[in-house]
Every structure is written in structure tokens, then in C-alpha cells.
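Enquirer: sharing a model that was predicted from the sequence below.
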Amino acid sequence: MASKTTECKACKKEVSKTAKTCPHCGEKRPGTKPGDTAKGCLVFLVIGIIFAIGLTFCSDEDPDKDRSIMAGIQCQHVVKEYLKSPATADFPFGPPVQRLNKSDYRLDSYVDAQNGFGATTRTTFRCDIQYKGGDPANLASWSVLAMEID
Ligand SMILES: [Zn+2]
């Protein structure tokens, strides 16, 4: 005969397997093993990742998609090439990228980086960049239209 009671996972006292809360310590679902919950979460996580990947691939096909964030990242890559010490480059978080038209973006921003003498200086720049197609995470998918650096 199967037991209708089990150990509470928190206080180890006897509880009903179907109890919603432990009568001894108040633990929620005392009859479920912690591993069961973890497995359930993992399944959800995997489904979530598959959805995220699918969405990313699908949306990359859309030429009208707003790629402002990636445009800003690519502009920052390009600006780094002008710096004496690219490794010290410190860009502001979430720079305001303007969408000029379907494929063109503009980033007015600045970067703090060390100059040739090891002193940190601020460089302001304007970068106009065009999305040509392909993987937006790849700089080769972009074309720099204009770069003004102070
Ligand atoms: Zn308990």
C-alpha cells in the first residue's frame, strides 16, 4: 500500500503528499522534492532559449527591424580603431542612437580612453552607419557612412 505521507523537504516531519503547505513549518508544497522543481525550471528554460533563438533568426530576416542597439555597438567598434589605447575605452551605457531611415543610423556620443601619455581623455564623436544586410552582429554587415571625431 502506497504511503500517503512523506517527509517535509524543509523540516523532515511527516506531511501529506498532497499538502499545499507544511502544517509544521509552513513550507510550500512540502511533499515535492526540490529536484522536481529544478527539472521543471530547466524544461522551461530550454523552451525559452529555443524560442529566443527562433525569434532572433526570424527577426534578422526583417529589413525594417530597428537595429539601433547593434548600430551603436558597431559605431563603438569603429571608434575604438581611432583610439591610442582601445583597451581602455569606456563608452557611456545605452547611448542614444538615432534612426535616420530604414538602414541608416547615427550615434552622437563620447568615449573616455587613455591617450598616449596614460591620461584619460574624453573624445566626442558622431558616427553614421548603414546596415547592408546579413548578421547585424558582424561589422562586415555594416558600412560606415561618416565618422567625425573631436
Ligand atoms: Zn515542514
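Expert: Great, that's in hand. Just so we're clear, the structure is a prediction, and the values are computed from it rather than from any experiment.
Enquirer: contact residues of the chain facing the ion?
Expert: With Cβ under 5 Å from the ion as the criterion, the chain meets the ion at residues 8, 10, 11, 22, 24, 25, 27. The C-beta positions use only the backbone N, C-alpha and C, and glycine is treated the same way.
Enquirer: can you put those residues in JSON lines and add pLDDT?
Expert: As requested, the residues of the chain next to the ion are exported to JSON lines (pLDDT from 0 to 100):
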{"residue": "8", "pLDDT": "91"}
{"residue": "10", "pLDDT": "91"}
{"residue": "11", "pLDDT": "94"}
{"residue": "22", "pLDDT": "93"}
{"residue": "24", "pLDDT": "93"}
{"residue": "25", "pLDDT": "95"}
{"residue": "27", "pLDDT": "91"}
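Enquirer: now those residues in a markdown table, with distance to residue 64, neighbour count and secondary structure?
Expert: Shown next, in a markdown table, are these (distance: Cβ to Cβ, whole Å; neighbours: other Cβ atoms under 10 Å; DSSP: H, G, I helix; E, B strand; the rest coil):
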| residue | distance to residue 64 | neighbour count | secondary structure |
| --- | --- | --- | --- |
| 8 | 55 | 22 | coil |
| 10 | 53 | 15 | coil |
| 11 | 57 | 14 | coil |
| 22 | 54 | 20 | coil |
| 24 | 59 | 14 | coil |
| 25 | 56 | 14 | coil |
| 27 | 51 | 18 | coil |
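Enquirer: now the element after the lowest-mean-pLDDT helix or strand in the chain, going C-ward?
Expert: Lowest by mean pLDDT, DSSP states H and E among the helices and strands of the chain is helix 34-60, with a mean of 73. Later in the chain than helix 34-60, the nearest helix or strand by DSSP states H and E is helix 68-80.
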